[in-house]
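Undergrad: Model the following, please.
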Amino acid sequence: MSKRLLALLMVFVVLVSLIGCVFYFNQEKPVKKPVATDLSTQIPIIAIHGTGGDLYTFDEMRETLLSRGEISGELAVTVNHDQSLEFSGSLDGTAQHPFITIAFEENEAEPSEWASGLTIALKELKQLYHFKKMDALGYSNGGLALVDYLETTESKADLPDIRRLIVLGAPFNDLDMKQNAEPVSAEDTEEHSDMLDTLLSKKNQIPHSIEVLSVASNLEDTETDGIVPLESALSSRLIFDQQVKDYQEIILTSPDADHGNLPNLPEMTDLVERFFIHSQQVDSLDLQVAS
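TA: Prediction:
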């Protein structure tokens with residue numbers, strides 16, 4: 001075989017290989033579900049990131065809880081733009097208070113769109129693990145998505161019930177400091193964001209059995225966490241107070257409590273551990289509690 005022919009053959013082989021690789025990586029890969037396991041006696045912690053977040057938003061919190069032995073078992077679920085699900089990790093029969101992160105491929109979408117995807121993910125999780133109840137942590141717009149999800153009127157018979165909810169730095173009344181210069185009232189609707197009005201209009205759909213903890217930050221006495229005004233986050237009271245079994249607020253004042261760092265704060269890990277896992281009230285915590 002001539003050198004020229006050999007060279008042409010090698011080029012051909014390389015081209016065929018490249019075409020094969022392109023074809024393979026552009027194929028829609030099947031979504032593999034974890035092995036189904038009966039965890040009906042367990043109450044998982046379901047965590048939802050904020051705008052621009054991903055599967056790694058709660059890594060520090062989750063790893064700390066794992067190292068303390070407070071939880072065992074971790075799973076991540078991604079809701080793709082076509083509403084299909086992808087799983088990372090799995091849970092087995094030894095899981096205790098498993099930590100499950102639900103992330104969205106469209107991580108800049110509106111909270112209402114996330115709420116729709118959240119319904120799909122939670123239905124699948126109940127089918128796989130038979131969870132009857134769950135605790136939920138919603139960070140920033142993830143908190144708004146969870147509230148929107150709670151307010152949907154469709155039957156939730158095939159979904160786990162939310163037992164306890166933490167909304168962390170959620171901008172219930174948007175980000176305008178002037179609009180949130182004073183505590184937001186139910187009566188003065190001119191100071192309400194569209195999101196707040198929407199959530200208020202459906203709040204009677206929220207189950208009365210839920211216990212809610214609203215966490216906000218007052219960073220260096222600025223009345224904001226650097227992004228979300230304090231009173232915007234605390235506008236949660238207009239939705240939950242007198243609507244749920246128990247509603248409490250807590251204000252973080254750590255110099256590290258800026259909006260982007262809230263999920264990583266040791267105080268937040270402690271709150272999740274005590275409120276979710278040990279079912280303690282926040283007034284038993286060594287933190288500044290709003291009256």
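Undergrad: all strands for the stretch 101-250 of the chain, in order.
TA: Taking DSSP state E, counting those that start in this stretch as the criterion, the stretch 101-250 of the chain carries its strands at 133-139, 161-168, 211-217, 246-252.
Undergrad: What pairs with the longest one, parallel or antiparallel?
TA: When pairing is defined by DSSP bridges, strand 161-168 lines up against strand 133-139 (parallel), strand 211-217 (parallel).
Undergrad: so of those, which one's packed in deepest?
TA: Among those, judged by mean count of other C-beta atoms under 10 Å, the one packed with the most neighbours on average is strand 211-217 (a mean of 26). Heads up, the C-betas are built off the backbone N, CA and C, glycines and all.
Undergrad: Give me the average confidence score over stretch 85-102.
TA: Per-residue pLDDT values over stretch 85-102 give a mean of 96.
Undergrad: send the alpha carbons of it over as PDB?
TA: Taking C-alpha atoms only, stretch 85-102 is exported to PDB below (Å, rounded to 0.1, in the frame of the first residue of the first chain):
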ATOM      1  CA  LEU A  85     -35.900  14.700  34.700                       C
ATOM      2  CA  GLU A  86     -32.300  13.800  35.200                       C
ATOM      3  CA  PHE A  87     -31.000  12.100  38.400                       C
ATOM      4  CA  SER A  88     -27.600  12.200  40.000                       C
ATOM      5  CA  GLY A  89     -27.100   9.800  42.900                       C
ATOM      6  CA  SER A  90     -29.600   7.500  44.500                       C
ATOM      7  CA  LEU A  91     -31.100   6.600  47.800                       C
ATOM      8  CA  ASP A  92     -31.300   3.200  49.500                       C
ATOM      9  CA  GLY A  93     -33.100   1.800  52.500                       C
ATOM     10  CA  THR A  94     -30.500   3.200  54.900                       C
ATOM     11  CA  ALA A  95     -31.300   6.900  54.100                       C
ATOM     12  CA  GLN A  96     -32.200   9.100  57.000                       C
ATOM     13  CA  HIS A  97     -33.500  12.600  56.400                       C
ATOM     14  CA  PRO A  98     -32.100  12.400  52.800                       C
ATOM     15  CA  PHE A  99     -31.000  15.700  51.300                       C
ATOM     16  CA  ILE A 100     -32.500  16.200  47.800                       C
ATOM     17  CA  THR A 101     -31.600  19.100  45.600                       C
ATOM     18  CA  ILE A 102     -34.000  20.000  42.800                       C
END
